[in-house]
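A.B. asks: heads up, no residue letters with this:
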């Protein structure tokens with residue numbers, strides 16, 4: 001197999017019943033990536049998401065029955081073939097036109113780029129979600145001595161080397177918290193930029209109270225225990 005170039009890109013998404021959005025999202029992604037880049041989907045759907053992703057040209061890995069966000073995301077990150085990995089939600093909420101911006105930042109030496117949705121309150125985000133996200137980001141900033149505004153962004157860029165070195169526990173909820181805070185805690189070069197956040201296509205699968213509990217758990221556990 002031909003070895004991938006270190007600056008080649010994998011755009012990785014995890015999906016669960018996103019058949020309304022997936023084809024359009026992949027079509028948009030392809031406007032901003034090259035032919036040697038990869039669009040990877042780890043799918044746990046009971047609808048036609050996987051087939052639509054394949055028909056749109058993505059590499060699809062099935063994880064069914066569903067094992068949850070963490071195991072699916074870890075599989076996507078581990079299976080990514082290229083030197084740069086950009087994660088993206090498949091519901092149309094994130095601006096794919098920022099892919100070249102994130103890619104360039106990693107090419108220039110940034111290990112993790114967090115695309116924050118929270119320059120202010122996004123119109124597409126309910127107030128309860130916004131307040132919880134902002135409060136948790138403030139707590140993390142104070143405990144870690146860093147600055148961050150969004151612990152749960154679904155759009156990030158990674159230098160694949162750090163994903164191969166740092167150990168992440170995908171068995172518990174709120175994995176994005178560790179994917180952002182651990183590299184910062186370990187002293188890697190990380191940056192945060194602001195992006196617009198759009199209305200999602202399809203229904204949300206979030207449980208806000210459960211998400212809040214596990215976010216606080218990750219913040220404290222990673223900072224003081226691990």
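C.D. replies: Nice, thanks for sending it over. No experiment lies behind these values; they were computed from the predicted model shown.

A.B. asks: What count of nearby residues applies to residue 65?
C.D. replies: 6 (other Cβ atoms under 10 Å). (C-beta placed from N, C-alpha, C; glycine too.)

A.B. asks: ok, residue 69 - contacts?
C.D. replies: Applying Cβ atoms under 8 Å, 6 or more residues apart in numbering, we find residue 69 in contact with 14, 173, 175.

A.B. asks: So which of the residues you listed belong to strands?
C.D. replies: residue 14 (DSSP state E).

A.B. asks: Lowest-confidence one in the contacts of residue 69?
C.D. replies: Of all the contacts of residue 69, residue 173 carries the smallest pLDDT score, 92.

A.B. asks: Pull up the per-residue confidence for the closest residue to that residue other than its chain neighbours.
C.D. replies: The shortest distance from residue 173 to any non-neighbouring residue, by Cβ to Cβ, 6 or more residues apart in numbering, is to residue 214 (4.0 Å). Note on residue 214: pLDDT of 92.

A.B. asks: Next, count neighbours for residue 214.
C.D. replies: Residue 214: 18 neighbours (other Cβ under 10 Å).

A.B. asks: And the contacts of the helix or strand harbouring residue 183?
C.D. replies: Using DSSP states H and E, residue 183 sits within helix 175-185. With contact meaning Cβ under 8 Å, 6+ apart, helix 175-185 is reached by 69-70, 73-74, 111-112, 114, 136, 140, 144, 146, 148, 151-154, 156, 158, 162, 166, 168-169, 190, 214-215, 218-219, 222-223.

A.B. asks: Narrow those to just the buried residues.
C.D. replies: Those of the contacts of helix 175-185 that meet the buried threshold are 69-70, 73-74, 111-112, 114, 136, 140, 148, 151-154, 156, 158, 162, 166, 168, 190, 214-215, 218-219, 222-223, by 16 or more other Cβ atoms under 10 Å.

A.B. asks: Now intersect these with the helices, please.
C.D. replies: Under the assignment DSSP state H, those contribute 69-70, 73-74, 136, 140, 162, 214-215, 218-219, 222-223 to helices.

A.B. asks: circling back to that earlier point, so how far is residue 35 from the residue nearest to residue 173?
C.D. replies: Using Cβ to Cβ, to the nearest Å, residue 214 is found at 39 Å from residue 35.

A.B. asks: what's the answer for residue 43, then?
C.D. replies: 23 Å.

A.B. asks: Looking only at neighbour counts, state which of the two leads.
C.D. replies: Using other Cβ under 10 Å, the more surrounded residue of residue 43 and residue 35 is residue 43, with 28 against 5.

A.B. asks: Is the more buried one bridged to anything, and to what?
C.D. replies: residue 15, residue 62 (DSSP bridges).

A.B. asks: Wait, it touches residue 49, no?
C.D. replies: Yes: Residue 43 is within contact range of residue 49, at 5.6 Å (criterion: Cβ atoms under 8 Å).

A.B. asks: can you list residues touching both of those two?
C.D. replies: Common neighbours of residue 43 and residue 49 (Cβ under 8 Å, 6+ apart) are 15-16.

A.B. asks: For residue 192, which non-adjacent residue is closest in space?
C.D. replies: residue 114 (4.5 Å).
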